[in-house]
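Undergrad: build me a model from this:
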Amino acid sequence: MAQRELQRRPPRGSVTITVPLYTPLVSPSPSWPNGIDPTKPNQVVDWWQGINVNIYHADIKTNAPPAALKALWNDPGKLQKPATFAQGGEPHCSDAKSCNLDFYTSSDPSKSLAIPMGSDPQQLVEGTLGASSANTAANAANPNVPVRLFDAGVVDYDVSYVNSAYLPVVMEPFGDDLFGWVGTPARISFFGGKVQSFLTTPNRPPGCTLLDCRVFAGKDWPLYKDSSGAQVVGKVPSVLEIMALDIANDPKAPTADGQWLPQTCPSPPPNPPIPCPTHFNPYPPNSAPIEALVAAWKNCRKKGDIDKFCTYINATTKLLLANFDNYVANYKNNLPDWNCKTSEHPNPHPIDRAHLTDLQILQHLYGWTPFNQFCGAKANLLQDTPGYYDPDNKADPTHGYNVVKGQFDLLQYWVNVLEGDYGVFHPYVALIHGPTFINSPFAYAYSVDDAVGNVLTGGTGLIIGVGGLENMPNPDHFTPEIHVNFATKSLSNRNTFDYYGRCTDNPTTPVNPNFASFSVPVGITKLATNCIFSLKDNKKRIYLLQIAKDRPAAVCFAAKAKCDDGSWVEWTPEISGDEAARLPVSQSCVLLNKDLNIRDQWCQFRFAYQRHRHDATDTIAYHVDLGEPIP
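TA: All right, here's what the predicted structure looks like:
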């Protein structure tokens, strides 16, 4: 799908696109009145799940799309006339005069159209409309229960700098202006200046050796090469991206497998051919910061747990090696959900530890990805690695994987990125999160940077802004959420909560029994302490609760990334009986509820608490418990 040529958005301009849940690809038939045959593939286009938006930067002086975007539009593999849909219902612009959409498909059904390249002048943002969640009731005893639960009023989104950093982008949910933006609201010129600052900051202070440096930045960092071989200016790839693109993984080229791609392709080409040439300049193995992080990993592997840094390196590597061993041991068994292509590829790759290279381990370390080449996406997940996961205790938050995942997060923020103390492991994270560079605490800097990058909340669409906060409904940055939990049904009296309200005393939103919670942000301008939580039970009784203004969960500021602590107590197993946990909500509950039964039987048991996640950013989760309906 592409916007028609010359439809560039002017500065401070906007466009609105309405996206249906799906568009039928087939015509009605006698057997299927709507045309959709659920027993056959390729019946609909699903627009809501797994949305990737690539935002291209055009030169305002030429008023023309960049060459890379033109190349996608002019892909010779696409049908030359725009695709049409027999039953209509395709995405469309709200203002057809300023925006038109054309849709293309491959002229060869067995081949996909070209996609945006890492070297293109574009930035990726991601989202899902109607975000679904796992259905806990789906199991072997309930085979007809849906595995996933769909909610049209929930969105999931993030600004992703996982692979590269090029443009400042912010995102908010459409239809819910309580939640502030994630991403970075910087002007394009400011963002570009910080990128250049990173690229010119020395890798280490004078006199500092390769391994003992505390300060690392991006001088001599590998940058993309375009199709002509020229260096792409202003776009920085992550270590994950550099290793994904420039470390060969090809069992048909054994001399190159698991090694850096060569700088140039040999002539004449060898037989079998080898992947080439490098995608980057400077050449990654000759780049000082890349050389340093590889050397630091090797030093820890050689010397053992000599300090915290090496302890984290060795713990994460040990998990990856256990995961690799499980992959090799079970590849040919093709375990349930693995879906390995064993007929096409009879052996795992690499075939054993003797053929596994250091660079392939590092490739999986920086991507935090399992070994499952030639298998499905669910095969051999890291969290399922034997020795790190107890299948009989799935809810155990202390099992080995979570401990090691926490150590991986600490490596990404090594030494203390948020305080400007940058280390050798991943200088790119310092570019995104560091206070002296882009300083964006609300975006993904690596693949599992979920604690600061991902938002799942109410909404019916996504709002994306580039280079500032113009046209954004909420000018405040994202703040921690308060999770408001309740029981949809009382097991003792069988009464149910049927409706809930968020920031209103009139609960009108139907309760979904599978989603017995909602959330509100702590807020900056729109404060959670000004928000009334409401519930209505099956007997039409309304329950109200509000957080006391003098006992906020946290205090957030427009100019500060990290919020100050509030006054809530830390979770303990006895939290429901802790009098201090009642203080943030008890007084409002008595004042707001006129029903004496609710005041006497419900209010006295309400409580609020916080819970540290003990991750690299010291994230705190806040909770309010609304309990169950009274008799």
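Undergrad: helices along this protein, start to end?
TA: Under the criterion DSSP state H, helices of the chain are mapped to 67-73, 188-200, 239-246, 288-303, 308-330, 358-367, 400-412, 427-433, 450-453, 579-582, 586-592, 596-601.
Undergrad: so which of the ones you listed gets nearest residue 336?
TA: With Cβ to Cβ as the measure, helix 308-330 is the member of the helices of the chain nearest residue 336 (10.6 Å). To be clear about C-beta, it is placed using only N, CA and C from the backbone, and glycine gets the same treatment.
Undergrad: so what touches the closest one?
TA: 296-297, 299-301, 303-305, 338, 348, 350-353, 356, 361, 364-365, 370-372, 379-380, 382, 385-388, 400-401, 403-404, 407-408, 410-411, 414, 423, 425 (Cβ atoms under 8 Å, 6 or more residues apart in numbering).
Undergrad: residue 518 is nearest to which of the helices of the chain?
TA: Between these, helix 586-592 lies closest to residue 518; by Cβ to Cβ that is 17.6 Å.
Undergrad: which of the helices of the chain comes out lowest on mean pLDDT?
TA: Of all the helices of the chain, the minimum mean pLDDT falls on helix 450-453 (a mean of 70).
Undergrad: wait, isn't residue 599 in contact with residue 591?
TA: No: counting by Cβ atoms under 8 Å, residue 599 does not reach residue 591; the two are 9.3 Å apart.
Undergrad: the two: which has the busier surroundings?
TA: Using other Cβ atoms under 10 Å as the criterion, residue 599 and residue 591 rank with residue 599 on top: 16 against 12.
Undergrad: for stretch 111-118, which positions count as buried?
TA: For stretch 111-118, the neighbour count (16 or more other Cβ atoms under 10 Å) marks 116, 117, 118 as buried.
Undergrad: stretch 589-599 now?
TA: Judged by neighbour count using 16+ other Cβ under 10 Å, the buried positions of stretch 589-599 are 589, 592, 593, 598, 599.
Undergrad: list the contacts of the fourth one.
TA: By Cβ under 8 Å, 6+ apart, the contact list for residue 598 reads 541, 543, 630.
Undergrad: so for residue 604, what's the pLDDT?
TA: 91.
Undergrad: show me the contacts for it.
TA: Listed by Cβ under 8 Å, 6+ apart, the contact set of residue 604 reads 582, 586.
Undergrad: and it, how far from residue 589?
TA: According to Cβ to Cβ, to the nearest Å, residue 604 and residue 589 sit 8 Å apart.
Undergrad: ok, the buried residues of stretch 589-599 vs residue 107, which is closest?
TA: residue 592 (63.8 Å).
Undergrad: so residue 23 makes contact with residue 48?
TA: No: contact criterion Cβ under 8 Å: residue 23 and residue 48 do not qualify, at 11.1 Å.
Undergrad: look up how far residue 555 lies from the residue nearest the centre of the chain.
TA: Residue closest to the average C-alpha location in the chain (Cα atoms, centre = their mean): residue 454, at 4.8 Å. As judged by Cβ to Cβ, residue 454 and residue 555 stand 23 Å apart.
Undergrad: then residue 530?
TA: Residue 530 is 14 Å from residue 555, by Cβ to Cβ.
Undergrad: over to residue 524?
TA: Taking Cβ to Cβ as the measure, residue 524 and residue 555 are separated by 9 Å.
Undergrad: neighbour count: the two, which is higher?
TA: The residue with more neighbours, out of residue 524 and residue 555, is residue 524; 20 against 15, by other Cβ under 10 Å.
Undergrad: and the closest residue to the more buried one other than its chain neighbours, how many residues sit next to it?
TA: Leaving aside its chain neighbours, residue 524 sits nearest to residue 476 (4.0 Å; criterion: Cβ to Cβ, 6 or more residues apart in numbering). Neighbours of residue 476 under the rule other Cβ under 10 Å: 20.
Undergrad: what are the phi and psi angles of residue 476?
TA: Backbone torsions of residue 476, given as degrees, to the nearest 10, read phi -90, psi 150.
Undergrad: begin at 56 from now on, thanks
TA: Right, with 56 as the first residue, what we last looked at is residue 531.
Undergrad: verify the stated contact: it with residue 235.
TA: Yes: judged on Cβ under 8 Å, residue 531 makes contact with residue 235 at a distance of 4.0 Å.
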